[in-house]
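Chemist: Quick one, what's the 3D model for this:
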Amino acid sequence: MAANKTSKWMSWAKLFAIYSGILAALVIFVMFQNVFIPLIIAMIFVYLLNPLADWFESFGIRRTLAVILIFAGSFVLVLGFIFFFQSQITGEFNTLKRQAPVYAAKLKQGLLDGANALEKNFSFIPKGDLRKLIEEKSSAFPDFLAKKMPDILAWTMGLITSGIVTVFAVFFFLKDGRKMRKSLIKIVPNKYFETFLVLLFEVDQSIGAYIRGQIIDGAVVGLLSIAGLYLIGLKYGLFIGALSGAFNIVPYLGPVAAMVPAVLVATAEHHDALLAFKAVGVLALVQLIDNAVVSPLALGKSVDIHPLIVILILPIGGMLMGVWGMLLAVPLYCSLTVTFEILYKGIIKYGNWEA
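Modeler: Below you'll find the predicted structure:
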């Protein structure tokens, strides 16, 4: 009896040690996120492209050649997209560049009008102080931008470097992913083998289904948004629709954020409040279609968590890692949930990890 009790306590201690190790790894990941982010982005593309590589292999094509074909095809698709939408992209970009000073002046005037209204309605606000502050900050912005230019250039160079690292990581993960997995499995002791295989499979399935589903979901939302915004005649419909699809990756918060540029363009460029309501209506309708039809088909049961949990973990991810934290919060939560559940079953419930 005492031996059984001791064995149970040892199992719990073992589980606690493993959980602590996982949490410590997460802390290290957050501390050195700039190093790991390109690899995480690469893994996202690997999960997306891996089924395509497997499909090529089913026709007898070697893995390396399959990966080269995927890279070549992706390059051709990007070039085709640029060529097909070149005139539209160039036109909207030139218009935006030309109108940027106008938008800046309108923003400044809007802030000044708001300051006047506040000073008029609230007597405790000193007269002229808000206007003076707005004038000073707007005048100092070019100098501020010039001072920040080295930081902007450094950030741009870092982004380019991360992009190159990501491309190479995608290639080698996609080509040698199976070898890496086999090498990892070989070092696992026999008594942990079954639990480890189940854990690897379940985490792989959960993350893979989520990433592929979100990419498909975002693409459909982006296309529907672009079509809807063009139908109502909103300028920059291509950019705003694409942003809507990209923002849709962040649950709940993304769709709301996508409405902001649409409203700004409708009011600042078109001077039409009704068009702003139409733009919000279009994006809201797209979200309704997405929630009712697209998302259930694309994601299925890959993310079966309560919306309240999503709302709670998103700001935590944003606080720790910014935008990337918000993007990774849901898949990371899902993978940790699967990991903790399988380890508990393997060590405590079924005792597969007995000493």
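
Chemist: Would you confirm that residue 188 contacts residue 196?
Modeler: Yes - under the criterion of Cβ atoms under 8 Å, residue 188 makes contact with residue 196 at 4.8 Å. C-beta: built from backbone N, CA, C; applies to glycine.

Chemist: Looking at these two, which has the bigger crowd around it?
Modeler: A direct count of neighbours by other Cβ atoms under 10 Å for residue 188 and residue 196 places residue 196 higher, at 18 against 14.

Chemist: does the more buried one really touch residue 189, like I thought?
Modeler: No - applying Cβ under 8 Å, one finds residue 196 not in contact with residue 189, separated by 9.0 Å.

Chemist: Based on its surroundings, how many neighbours for residue 243?
Modeler: Residues near residue 243, counting by other Cβ under 10 Å: 19.

Chemist: Pull out the buried residues from stretch 21-38.
Modeler: Using 16 or more other Cβ atoms under 10 Å as the test for burial, stretch 21-38 gives 29, 33, 36, 37, 38.

Chemist: if you look at these, which of them are in helices?
Modeler: Of the positions in those, 29, 33, 36, 37, 38 sit in helices, assigned by DSSP state H.

Chemist: For the last one, which residues are in contact?
Modeler: Neighbour list for residue 38: 162, 163, 165, 166, 169 [criterion: Cβ atoms under 8 Å, 6 or more residues apart in numbering].

Chemist: what's the pLDDT at residue 224?
Modeler: pLDDT for residue 224: 90.

Chemist: which non-adjacent residue is nearest it?
Modeler: residue 286 (4.6 Å; Cβ to Cβ, 6 or more residues apart in numbering).

Chemist: what's the helix or strand hosting residue 204 packed up against?
Modeler: Using DSSP states H and E, residue 204 sits in helix 190-231. Applying 3 or more Cβ pairs under 8 Å, 6 or more residues apart in numbering; DSSP states H and E, one finds that helix 190-231 makes contact with helix 33-57, helix 129-186, helix 237-247, helix 273-289, helix 295-299, helix 307-344.

Chemist: Need those in JSON lines (columns: distance to residue 230 and mean pLDDT).
Modeler: What follows is the helices and strands packed on helix 190-231, written out as JSON lines (distance: least, Cβ to Cβ, whole Å; pLDDT from 0 to 100):
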{"stretch": "helix 33-57", "distance to residue 230": "27", "mean pLDDT": "85"}
{"stretch": "helix 129-186", "distance to residue 230": "30", "mean pLDDT": "78"}
{"stretch": "helix 237-247", "distance to residue 230": "5", "mean pLDDT": "84"}
{"stretch": "helix 273-289", "distance to residue 230": "10", "mean pLDDT": "85"}
{"stretch": "helix 295-299", "distance to residue 230": "23", "mean pLDDT": "70"}
{"stretch": "helix 307-344", "distance to residue 230": "27", "mean pLDDT": "79"}
